[in-house]
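Peer 1: Could you look at this predicted model? Sequence included:
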Amino acid sequence: MSIIYILIPIAILFVIIAIGVFFWAVKSEQFSDLNKQGHSILFEDDKEQHNKSNDRDKSV
Amino acid sequence: MTTSCFHCLEPVPPGFSAHVQFEGQPQPVCCTGCQAVAETILAQGMSDYYKFRTDSAGKVEELVPEQLKELLSYDNAEIQQDFVSQQGELQEVLLSVEGISCAACAWLIEKQLLGLKGVARVDVNTSTHRAMILWHPKQCKLSDIIKSLHQIGYKAYPFQADDEAAQKQTVAKAYLRRLGVAGLMTMQVMMFAFAMYFGMFSGMEDNFEQYFRWISLFLASPVIFYSAMPFLTNAIKGLKAKQLNMDLPVSLAIFGAYAASCYATVMSVGEVYFESICMFTFLLLLGKYLEFRARLKASEFTANLQKLLPLTARKLLPDGEQKIVAAKSLQLSDQIMIKPGETIPADGVLISGSTTVDESMMTGEHLPVKKYQTHQVYAGTINHDGVITIEINKVGQNTLLNQIIKLQHNALTKRPKIVEVTDKVAQWFVACLLIFASITAVAWYQIDPPHAFWVTISVLVATCPCALSLAIPTALTCAVATLTRKGILIKESHVLETVPKLTRMAFDKTGTLTEGRFSIESISILDKSWQESDVMAMAVALERYSEHPIAKAFTEQVVSPRQLSDVEVITGSGVKAGFNQQRVAIGKSAWFGNHSSFAQATLFVDDQPIADFYLADKVRHSAPEIIQYAQSQGLSCHLLSGDSSNAVKDLALELGLDTYKNACSPQDKQQQVESWSAQQHIVGMVGDGVNDSPVFNSAHLSIAMETGADISKNTADVVLLNSDLKSLQTLHLVAKKTKTVIKQNLTLSLCYNGSILPLAAMGLVPPWVAVIGMSASSILVITNSLRLLKL
């Protein structure tokens, strides 16, 4: 049972890391618009393809 | 059955037939604007938009040359200074985009703009309706970006973020961080608390229990010293201002219970309540954050609309030419021209023309102020009816702009009376509570010293008037957020209180019950010496100075306009001016008293009627429905129109209105509404034009359409962003529901506080039950209010 003396501090370390990640996410505005991100998966072609067609235009 | 437009889902007008090809099928559209937009979207392979959108797009209006000119002015480096920032080689701008309704819009905008050469990054925020764009200034111009947005049906203009908005964003982020810490830590602390609960029954080794207590203390500390800190600072702030606020008992309870639990941990005696404190803090923060977010959302929408100062000004060059320049670049003694309905871009002295100006933003006085030559006009005020030229005498920080902005912010933060009342009640409540808690403490100290502290904590926590203080603000903010989402902008705090009390509704005709999009149906020449083309050219020249909806029918005509002098716009009558030593005028047919006809506009030369213009307008499709709804709710509906023609009577009969009055001057409307008020009627006025702004001040509730003149939108209590009369029904329903919810909330919280107080004082409520009870009552109140969000 004395293993919990080590395991619990390790768990707490994970929580601290989680809080660090959460702070980073808040700072980089990940939560400013929750509506859009949920839908973006629906749209088939992504920006990459777009840039390609853009490049094609440039080369013509 | 009417078909609806493929793009905007509005009904297709009968007789109009145009189609776009979508997946091999022809789809109907309602106007050439929508057709052009839908074709652009489909041609660029963005048909996914139509598959995944969850909301309809707005109706599309085509850009008029005037707007195009203003667009080009956005490329001017001087004008850009205000809202464009340099990011290395790239430039960054924040655009406020009208018409974003769902995630599909964001995708469409991003796709469209990334297709432009030189656009590096686009980030659309669907909740604030703003788009951040990074682009290469050498490859593309800002006006191209805005034009390209317009091609797919979105109106955009540069957004100038002010300090307050930025500050609010920081506050929102701080809330999120505090909430995150409290949430994560509460989960951990709860875990150990549960372990200890089970330990109580099944037995736990003392050294484990002590270890768990220390761990809980360690985990709870950040919640107390980081997440709960605002409560303590607010309480201290309140005490310094000699006020007892809600945060005082809250922080007494949180920090008291924390100190007691720490004592219990260190000395290994008594109970620890770390899990209760953490959960309490988390729930309290959650409630506060939700309330803050609802308010933030409402103010973000407002910020988009309230373009206080125009970015551009019409500068008069020495050779008499007009040039659109950046309002910021105006210098002392520059001369600028301002048309009726426009906002004055700078402080100055009037040097030609005369007008009335609405200075309510600065003085709070709603009566328009008459301005003649040598009078001072201020930036941010609105020119009512005359075309004027001013010479600028104050620039930069010297203008009254700063005070105006301050006033605007005050108006936004103004709290409804009912909230102020509960705040006062809560203050007394807190005072009584503290006295009561002290008495409990003293009494229990006599009876049972070891329990005195815990009973006192229970009393403090259990009776905390959080629910009471949350009862009204949460309901109001939820209601305002719902309405904002539905395109109904509440500008004054009393609106939700007033709406359920209304007994009479008065409507303007043009642009309100009708769509206000006129076209010239026929011209009858009364003076045969005039040619139709001359009559038309003169009419167009005159109407260019008017913001009246009728004027648009003329300004759309392409003719070579005439040079006029001394142009004056007479509210409720029309426009008059001088032309080659003649007095020309256009306006209502009875203007000079020597002519009457059913025409909507008559051209006069030297006070003699020359030609009658017959215009056609159509009834808004939602008008019959809303009149029926209002009447079914016991409201009588009235039509007050400035129009003198028979159309008023026809419309009143068609819609089944209770009374109608035609040929009303703005004063007539005002008198009518005031006489109703004198008969104890609560009157709501719906209108859109410049001529409705005086009556708006007399009515108990004023509602303006988004398509209306700037001045009426500024005066109104409510702005219908989608210009849909159905919104009135929504407004009424939400307001009624809000009233019910507030009543429920107050009853709930008072019942809870009243019943728990004696129990807590008798020591029957342990602190953890008190915390659950208190949080539960707050959550119950908030959840009840949140129902308003789902309307």
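Peer 2: Done, it's in.
Peer 1: Who are the contact partners of residue B:238?
Peer 2: By Cβ atoms under 8 Å, 6 or more residues apart in numbering or on different chains, the contact set of residue B:238 is B:244, B:245, B:247, B:248. To be clear about C-beta, it is placed using only N, CA and C from the backbone, and glycine gets the same treatment.
Peer 1: Residue B:728 - how many residues pack around it?
Peer 2: 24 (other Cβ atoms under 10 Å in any protein chain shown).
Peer 1: For residue B:538, see how far away it is.
Peer 2: Distance of residue B:728 to residue B:538, given as Cβ to Cβ, to the nearest Å: 39 Å.
Peer 1: What of residue B:205?
Peer 2: 101 Å.
Peer 1: on that earlier part again, okay if I get the contacts of residue B:238 as TSV plus secondary structure?
Peer 2: What follows is the contacts of residue B:238, written out as TSV (DSSP: H, G, I helix; E, B strand; the rest coil):
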residue	secondary structure
B:244	coil
B:245	coil
B:247	helix
B:248	helix
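Peer 1: now, among those, which is nearest to chain A?
Peer 2: residue B:247 (23.7 Å; Cβ to the nearest Cβ).
Peer 1: Is the closest one in contact with residue B:228, as I believe?
Peer 2: No - with contact defined as Cβ atoms under 8 Å, residue B:247 does not reach residue B:228; the gap is 10.0 Å.
Peer 1: Least confident secondary structure element in chain A?
Peer 2: helix A:47-59 (a mean of 46; mean pLDDT, DSSP states H and E).
Peer 1: Now residue A:23: closest residue in space that isn't a chain neighbour?
Peer 2: residue B:177 (5.9 Å; Cβ to Cβ, 6 or more residues apart in numbering or on different chains).
Peer 1: try residue B:334
Peer 2: Leaving aside its chain neighbours, residue B:334 sits nearest to residue B:392 (4.9 Å; criterion: Cβ to Cβ, 6+ apart).
Peer 1: Make sure that neighbour is indeed in a strand.
Peer 2: Yes - the assignment for residue B:392 by three-state DSSP puts it in a strand.
Peer 1: close enough to count as contact, it and residue B:346?
Peer 2: Yes - if you go by Cβ under 8 Å, residue B:392 and residue B:346 touch, sitting 4.9 Å apart.
Peer 1: Now do the shared contacts for those two.
Peer 2: Listed contacts common to residue B:392 and residue B:346 are B:330, B:336; contacts here mean Cβ under 8 Å, 6+ apart.
Peer 1: Which one's more surrounded, these two?
Peer 2: residue B:346 (28 against 21).
Peer 1: State the pLDDT value of the more buried one.
Peer 2: On pLDDT, residue B:346 comes in at 81.
Peer 1: quick one, what contacts it?
Peer 2: Neighbouring residues of residue B:346 by Cβ under 8 Å, 6+ apart: B:313, B:327, B:330, B:336, B:379, B:390, B:392, B:394, B:395, B:399.
Peer 1: Is it possible to get CSV of these that adds distance to residue B:704 and pLDDT?
Peer 2: Compiled in CSV, the contacts of residue B:346 are given as follows (distance: Cβ to Cβ, whole Å; pLDDT from 0 to 100):
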residue, distance to residue B:704, pLDDT
B:313, 25, 79
B:327, 24, 73
B:330, 29, 79
B:336, 27, 87
B:379, 23, 78
B:390, 27, 88
B:392, 30, 86
B:394, 30, 76
B:395, 32, 71
B:399, 27, 65
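Peer 1: how about stretch B:126-140: buried residues?
Peer 2: For stretch B:126-140, a neighbour-count test (16 or more other Cβ atoms under 10 Å in any protein chain shown) marks B:126, B:127, B:128, B:129, B:130, B:131, B:133, B:134, B:135, B:137, B:140 as buried.
Peer 1: is it up against chain A anywhere?
Peer 2: Yes - using Cβ under 8 Å from any Cβ of the partner chain, we find that stretch B:126-140 touches chain A at B:126, B:127, B:128.
Peer 1: quick one: the helices in the stretch 51-200 of chain B?
Peer 2: B:65-73, B:77-80, B:103-114, B:142-151, B:163-202 (DSSP state H, counting those that start in this stretch).
Peer 1: and residue B:511, which of those helices is closest to it?
Peer 2: Residue B:511 sits nearest to helix B:65-73 of all the helices of the stretch 51-200 of chain B, at 19.0 Å, using Cβ to Cβ.
Peer 1: tell me which residues of stretch B:200-218 are tucked away?
Peer 2: Neighbour-count burial for stretch B:200-218 [16+ other Cβ under 10 Å]: B:208, B:209, B:212, B:213, B:215, B:216, B:217, B:218.
Peer 1: Among the residues you listed, which are located in strands?
Peer 2: If you go by DSSP state E, the buried residues of stretch B:200-218 have nothing in strands.
Peer 1: For chain A, what is the nearest residue in the stretch 351-500 of chain B?
Peer 2: residue B:485 (11.2 Å).
Peer 1: distance of the residue in chain B positioned nearest to chain A from residue B:125?
Peer 2: Residue of chain B nearest chain A, by Cβ to the nearest Cβ: residue B:103 (3.2 Å). Note on residue B:103: its distance to residue B:125, by Cβ to Cβ, is 11 Å.
Peer 1: ok so, going back, now cross-check the buried residues of stretch B:200-218 against chain A and list the overlap.
Peer 2: Okay, of the buried residues of stretch B:200-218 touching chain A (Cβ under 8 Å from any Cβ), that's B:208, B:215, B:218.
Peer 1: Those into TSV, with extra columns for pLDDT?
Peer 2: TSV is the format used below for these (pLDDT from 0 to 100):
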residue	pLDDT
B:208	85
B:215	93
B:218	93
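Peer 1: returning to that earlier point: quick one: which of the contacts of residue B:346 is nearest to residue B:722?
Peer 2: Once Cβ to Cβ is applied, the member of those that ends up nearest residue B:722 is residue B:327, at 29.2 Å.
Peer 1: State the helix or strand in which residue A:15 lies.
Peer 2: Element membership for residue A:15, per DSSP states H and E: helix A:4-27.
Peer 1: Need the CA coordinates for that helix. CSV is fine.
Peer 2: Extracted in CSV, the C-alpha atoms of helix A:4-27 (Å, rounded to 0.1, in the frame of the first residue of the first chain):
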residue,chain,number,x,y,z
ILE,A,4,0.5,5.4,-3.0
TYR,A,5,3.1,7.6,-1.3
ILE,A,6,4.8,7.7,-4.7
LEU,A,7,1.9,7.2,-7.1
ILE,A,8,-0.2,10.1,-5.8
PRO,A,9,2.6,12.7,-6.2
ILE,A,10,3.1,11.4,-9.8
ALA,A,11,-0.7,11.8,-10.4
ILE,A,12,-0.5,15.3,-9.1
LEU,A,13,2.4,16.0,-11.5
PHE,A,14,0.1,14.9,-14.4
VAL,A,15,-2.6,17.3,-13.1
ILE,A,16,-0.1,20.1,-13.1
ILE,A,17,0.9,19.3,-16.6
ALA,A,18,-2.8,19.3,-17.6
ILE,A,19,-3.2,22.7,-16.1
GLY,A,20,-0.2,23.9,-18.0
VAL,A,21,-1.7,22.7,-21.3
PHE,A,22,-5.0,24.3,-20.4
PHE,A,23,-3.4,27.6,-19.7
TRP,A,24,-1.6,27.4,-23.1
ALA,A,25,-4.9,26.6,-24.8
VAL,A,26,-6.6,29.6,-23.2
LYS,A,27,-3.7,31.8,-24.2
